[in-house]
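Undergrad: What would the 3D arrangement of this be:
(one chain, ligands or ions: 3)
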Amino acid sequence: MHDRRDRARSLIRGLYAITDAELMPELDFVTRAEAALRGGARILQYRDKSADIEKRQRQAIGLLSVCIRHGATLVINDDVLLARRIGAPAVHLGQGDMSIQDARAVLGPEVLIGVSCHNSLELAIKAQLAGADYLAFGAFHASSTKPEAVIAAPELLHSARRQLSLPLVAIGGVTPENGGFLLRAGADALAVVSGIFAAEDIEAAARRFARLFSSQA
Ligand SMILES: Cc1ncc(COP(=O)(O)OP(=O)(O)O)c(N)n1
Ligand SMILES: Cc1ncsc1CCOP(=O)(O)O
Ligand SMILES: [Mg+2]
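TA: Numbers count the residues shown, from 1 in each chain. Ligands and ions are numbered 1, 2, ... in the order given. Predicted structure coming up:
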């Protein structure tokens, strides 16, 4: 457990890119994801809501292989069984997804589990107690990817930093312009979909986010 938590502290920091089926055509799905890694993303989440199990497995395996090549961490969104099948190092669970305890039973002691806590410190405290390895808060800004997401105040990151020990991820409408503020408020990682994958030049877009972290050092 301490081993895993230490690993989470070193791996869950920096730019956290999240894939999007609408912005990333199947034909060059993995190529686009790799461009984000070349631009400096350290974490890559496979987020796909389709029911096509074969496509999902093929894409997830493709992402795992580019992540390994770039020394980045692959996170599988929602689908704990897919993560186990392909040997992914991390999963992300929402409040309506599998429980942390059930996911841990399926995945074993090594795999990192991240949890969505929306705008709630209470959910975050519960998730930490239940064995989560990182906590995600947001949306901090309106998100075209998830317009229904509740809005969180950046002060939440200050409180979470004071009261919790896990790495904190900020998500929702994050841009290179507003990302620095979220980092100063306490985020360890910035999770981004459209700011990276809707860009004409994905690598350059990722690099603009990645610079926020080097200027923090
Ligand atoms: C890093 C990160 N944070 C939050 C979410 C949202 O998860 P969830 O609430 O389960 O919603 P969906 O993404 O599954 O629609 C996330 N995926 N990643
Ligand atoms: C999955 C998710 N959860 C809260 S906001 C969001 C989407 C973030 O996407 P974008 O970076 O395009 O706002
Ligand atoms: Mg989910």
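
Undergrad: What pLDDT is listed against the closest residue to residue 127 other than its chain neighbours?
TA: Nearest residue to residue 127, sequence neighbours excluded (CB to CB, 6 or more residues apart in numbering): residue 115, at 4.1 Å. Bear in mind the C-beta positions are built from the backbone N, C-alpha and C, glycine included. For residue 115, the pLDDT comes out at 99.

Undergrad: List the buried residues in whichever strand or helix holds residue 60.
TA: Here residue 60, judged by DSSP states H and E, is contained in helix 53-70. Of the residues in helix 53-70, 56, 59, 60, 61, 62, 63, 64, 66, 67, 70 count as buried by neighbour count, 16 or more other CB atoms under 10 Å.

Undergrad: Among the residues you listed, which one lies nearest to residue 209?
TA: Minimum distance to residue 209 across the buried residues of helix 53-70 is 15.4 Å, recorded for residue 70 (CB to CB).

Undergrad: ok, whichever residue of the chain sits closest to ligand 3 - contacts?
TA: Of the residues in the chain, the one nearest ligand 3 is residue 94, at a distance of 3.2 Å by CB to the ion. Residues near residue 94 by CB atoms under 8 Å, 6 or more residues apart in numbering: 78, 115, 116.

Undergrad: What ranges in this structure fall below the confidence cut-off?
TA: 215-217 (pLDDT under 70).

Undergrad: please redo it, this time with the cut-off set to 80
TA: Filtered on pLDDT under 80, the chain yields the residue ranges 1-2, 215-217.

Undergrad: who in it is up against ligand 1?
TA: 45, 47, 77-78, 92, 94, 97, 114, 116, 136, 169, 171, 191 (CB under 6 Å from any ligand atom).

Undergrad: Let's see that with 5 Å instead.
TA: Within the chain, the positions near ligand 1 by CB under 5 Å from any ligand atom are 77, 92, 94, 116, 136, 169, 171, 191.

Undergrad: Which of those residues are buried, as a PyMOL select command?
TA: In PyMOL, this line selects whichever of the residues of the chain next to ligand 1 come out buried by 16+ other CB under 10 Å:
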select buried, resi 77+92+116+136+169+171+191
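
Undergrad: so which of the residues of the chain next to ligand 1 also contact ligand 2?
TA: residue 171.

Undergrad: Let me have the residues of the chain next to ligand 1 in JSON lines, adding distance to residue 124 and secondary structure as columns.
TA: Converted to JSON lines, the residues of the chain next to ligand 1 look like this (distance: CB to CB, whole Å; DSSP: H, G, I helix; E, B strand; the rest coil):
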{"residue": "77", "distance to residue 124": "18", "secondary structure": "strand"}
{"residue": "92", "distance to residue 124": "14", "secondary structure": "strand"}
{"residue": "94", "distance to residue 124": "13", "secondary structure": "coil"}
{"residue": "116", "distance to residue 124": "10", "secondary structure": "strand"}
{"residue": "136", "distance to residue 124": "9", "secondary structure": "strand"}
{"residue": "169", "distance to residue 124": "11", "secondary structure": "strand"}
{"residue": "171", "distance to residue 124": "14", "secondary structure": "strand"}
{"residue": "191", "distance to residue 124": "15", "secondary structure": "strand"}
